[in-house]
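A.B. asks: Could you work out the structure for the sequence below:
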Amino acid sequence: MTLGSFCSPPGSRINVGTGFLGMADQLDLLGGLQPTVRASAPESNPRATTPSSPLEDSQPEASESQAPSPESVVPRTLLILDTETTGLEPENHCCVEVGAILFDVQSRAVLAQQSFLLPAETNAAEPINRIPAAVTRLSQPWKEALLWFQNLLDAADVLVAHNAAFDRQWFGRGELPAVTQPWLCSMEDMRWPADRQLRSRPSVRDLALAYGVPVWAAHRALTDCIYLAEVFARCDDLEQLLLQGLEPRTLVRAKVSYDDRQLARDAGFRWNDPIKGAWARRMSAREIQELSFPVVPVDLEAGDSKT
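C.D. replies: This is a model prediction of the structure:
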């Protein structure tokens, strides 16, 4: 397995050591990400987001506008991330691979990309990610790669991952640094246009196909980053999707009868996850206003349960 890390001028393509067969050719897909100048974002703090508003125990009152507030600022630079791990529990497993793409929102351009392995004694997830533990322990400059990865983190306004709740839990543990930027989940937080005919929580491959992005069989960290970078490059409404995706969200439970359960399912609510015996989802105040059924907020840390 090879390892590489570097930076490039905006709009150029760089191929980093990836460690999986044929990826050099696959990364040529990024050649379509040519800089296209878009309308400039407002000059302000690039990490500012919409301030949160409290939820009530019933359907919130409608606001005058459902659009993001004028104070909202579109992030200028995204760091698209993905991890491959030896299991699902950070307490018992570890991260074995990191993929990252630094993406400029205004020009829809890839600024830099990186992929590297981290050493592991065993990898129970090898049948899924196809990374033998022995390969992760081969001589490679992974410590230097971590230093460059920190530079990419420092350059980003927002961190993006598909299923960010999973990826974010590995940072600040083991060899991976802690991060301070806000996270955005392209699966859970971003509401993709209805004309793409996607499920409410699409897989990254379904999302790529919906935007005409070619997909391949490899299941590695940089692969999913490439998918998202290609999708973002093809989104004319990316700024709006980002603003709405960064709106503060609260876990809510749907108040629907058994006969009306399809309403909750169609709205992206999940049964038994994370609340047993209930339909639940994290939503912004604006999204809650658009629902056709009432919801109640839930605080799992406080021991709230279905009532």
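A.B. asks: Could you measure from the closest residue to residue 260 other than its chain neighbours over to residue 129?
C.D. replies: Among residues not flanking residue 260 along the chain, residue 293 sits closest, at 6.7 Å (Cβ to Cβ, 6 or more residues apart in numbering). Backbone N, C-alpha and C define where each C-beta goes, glycine included. Residue 293 sits 39 Å away from residue 129, going by Cβ to Cβ, to the nearest Å.
A.B. asks: which of the two has more neighbours?
C.D. replies: When neighbours are counted by other Cβ atoms under 10 Å, residue 129 comes out ahead of the other of residue 293 and residue 129, with 19 against 15.
A.B. asks: Contacts only, for that one.
C.D. replies: Residue 129 sits next to 84-85, 96-97, 123, 219-220 when contact means Cβ atoms under 8 Å, 6 or more residues apart in numbering.
A.B. asks: Got phi/psi on it?
C.D. replies: Backbone geometry at residue 129, expressed as degrees, to the nearest 10, gives phi -90, psi -10.
A.B. asks: tell me the least confident of the contacts of residue 129?
C.D. replies: Ranked by pLDDT, these bottom out at residue 219, which scores 76.
A.B. asks: Might you report the residue contacts of that one?
C.D. replies: By Cβ under 8 Å, 6+ apart, the residues touching residue 219 are 84, 128-130.
A.B. asks: Report the buried members of the residues you listed.
C.D. replies: Buried subset of those (neighbour count, 16 or more other Cβ atoms under 10 Å): 84, 129-130.
A.B. asks: which one of those is nearest residue 244?
C.D. replies: Nearest to residue 244 among the buried ones among the contacts of residue 219: residue 84, at 29.2 Å, using Cβ to Cβ.
A.B. asks: Check the spacing between the closest one and residue 219 real quick.
C.D. replies: According to Cβ to Cβ, residue 84 and residue 219 sit 8 Å apart.
A.B. asks: Residue 128 now?
C.D. replies: From residue 128 to residue 219 the distance is 6 Å (Cβ to Cβ).
A.B. asks: cool, and residue 88?
C.D. replies: Taking Cβ to Cβ, one finds residue 88 at 15 Å from residue 219.
A.B. asks: Bridged to the residue most central in space within the chain, which residues?
C.D. replies: In the chain, the C-alpha nearest the mean C-alpha coordinate belongs to residue 161, at 2.0 Å (Cα atoms, centre = their mean). Note on residue 161: beta-bridge partners by DSSP bridges are residue 185.
A.B. asks: circling back: tell me which entries of the contacts of residue 129 lie within strands.
C.D. replies: 84-85, 96-97 (DSSP state E).
A.B. asks: and which of those is nearest residue 116?
C.D. replies: Among the ones in strands among the contacts of residue 129, residue 97 lies closest to residue 116 (Cβ to Cβ), at 7.2 Å.
A.B. asks: Do I have it right that the closest one meets residue 118?
C.D. replies: Yes. Counting by Cβ atoms under 8 Å, residue 97 does reach residue 118; the two are 6.9 Å apart.
A.B. asks: quick one: common contacting residues for these two?
C.D. replies: Counting by Cβ under 8 Å, 6+ apart, the contacts common to residue 97 and residue 118 are residue 136.
A.B. asks: Do you know the pLDDT at residue 290?
C.D. replies: Confidence at residue 290, expressed as pLDDT, is 94.
A.B. asks: next one: residue 191
C.D. replies: Predicted confidence (pLDDT) for residue 191: 93.
A.B. asks: That one contacts residue 246, correct?
C.D. replies: No. Residue 191 is beyond contact range of residue 246, at 12.0 Å (criterion: Cβ under 8 Å).
A.B. asks: neighbour count winner among these two?
C.D. replies: The neighbour count for residue 191 versus residue 246, taken as other Cβ under 10 Å, is higher for residue 246 (24 against 16).
A.B. asks: Can you report phi and psi for the more buried one?
C.D. replies: The phi and psi torsions at residue 246 (degrees, to the nearest 10) take the values phi -90, psi 0.
A.B. asks: Next one: it from residue 110, what distance?
C.D. replies: Applying Cβ to Cβ, the value for residue 246 to residue 110 is 21 Å.
A.B. asks: who's in contact with residue 89?
C.D. replies: Going by Cβ under 8 Å, 6+ apart, the list of residues near residue 89 is empty.
A.B. asks: name the element it belongs to?
C.D. replies: According to DSSP states H and E, residue 89 maps onto no helix or strand at all.
A.B. asks: circling back: so what pLDDT did the residue nearest to the centre of the chain get?
C.D. replies: Residue 161 carries a pLDDT value of 98.
A.B. asks: Cool, thanks, talk later.
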